[in-house]
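# Sequence first, predicted coordinates after that:
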Amino acid sequence: MNKVRAYIRDSYAELVQKVTWPTWEQLQQSTMIVLGATVVITLVVGIMDFAASNSLKFIYSLFKQG
């Protein structure tokens, strides 16, 4: 049990004394970058999905009987 207490104590000390936390401005900037990248990637994947879906529909229509 002493090892668990020492681990928790050391972990807390490291979080409080050794970790460099970002400022509020840095956090906001990083969040905006992540949100922007997410929107761009979502749009790219959506366009690729739309193109692939329509391409496959066209190809299937070429071989459709009837």
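That came through, no problem.

# so where is the chain shaky, pLDDT-wise?
66 (pLDDT under 70).

# where along it do the strands fall?
Along the chain, no stretch is classed among the strands by DSSP state E.

# mind listing the helices in it by residue range?
Here the chain has its helices, by DSSP state H, at 2-13, 24-63.

# Output those helices in CSV, with mean neighbour count appended to each entry.
To be clear about C-beta, it is placed using only N, CA and C from the backbone, and glycine gets the same treatment. CSV is the format used below for the helices of the chain (neighbours: other CB atoms under 10 Å):
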stretch, mean neighbour count
helix 2-13, 9
helix 24-63, 10
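
# and the gap between residue 64 and residue 56?
Going from residue 64 to residue 56 by CB to CB, to the nearest Å gives 12 Å.

# gap between stretch 14-31 and the chain center?
In terms of CA atoms, centre = their mean, to the nearest Å, the centre of stretch 14-31 is found 19 Å from the chain centre.

# Kindly report the same for stretch 6-16.
Per CA atoms, centre = their mean, the displacement of stretch 6-16 from the mean C-alpha position of its chain is 29 Å.

# same question, stretch 19-36
14 Å.

# Equivalent analysis for stretch 53-66, please.
The answer for stretch 53-66 is 35 Å, by CA atoms, centre = their mean.

# just stretch 31-38 next, same as before
The answer for stretch 31-38 is 9 Å, by CA atoms, centre = their mean.

# Just give me the neighbour total for the spatially closest residue to residue 30 that is not a sequence neighbour.
Spatial nearest neighbour of residue 30, chain neighbours left out: residue 22 (7.0 Å); criterion: CB to CB, 6 or more residues apart in numbering. Residue 22 has 10 neighbours, counted by other CB atoms under 10 Å.
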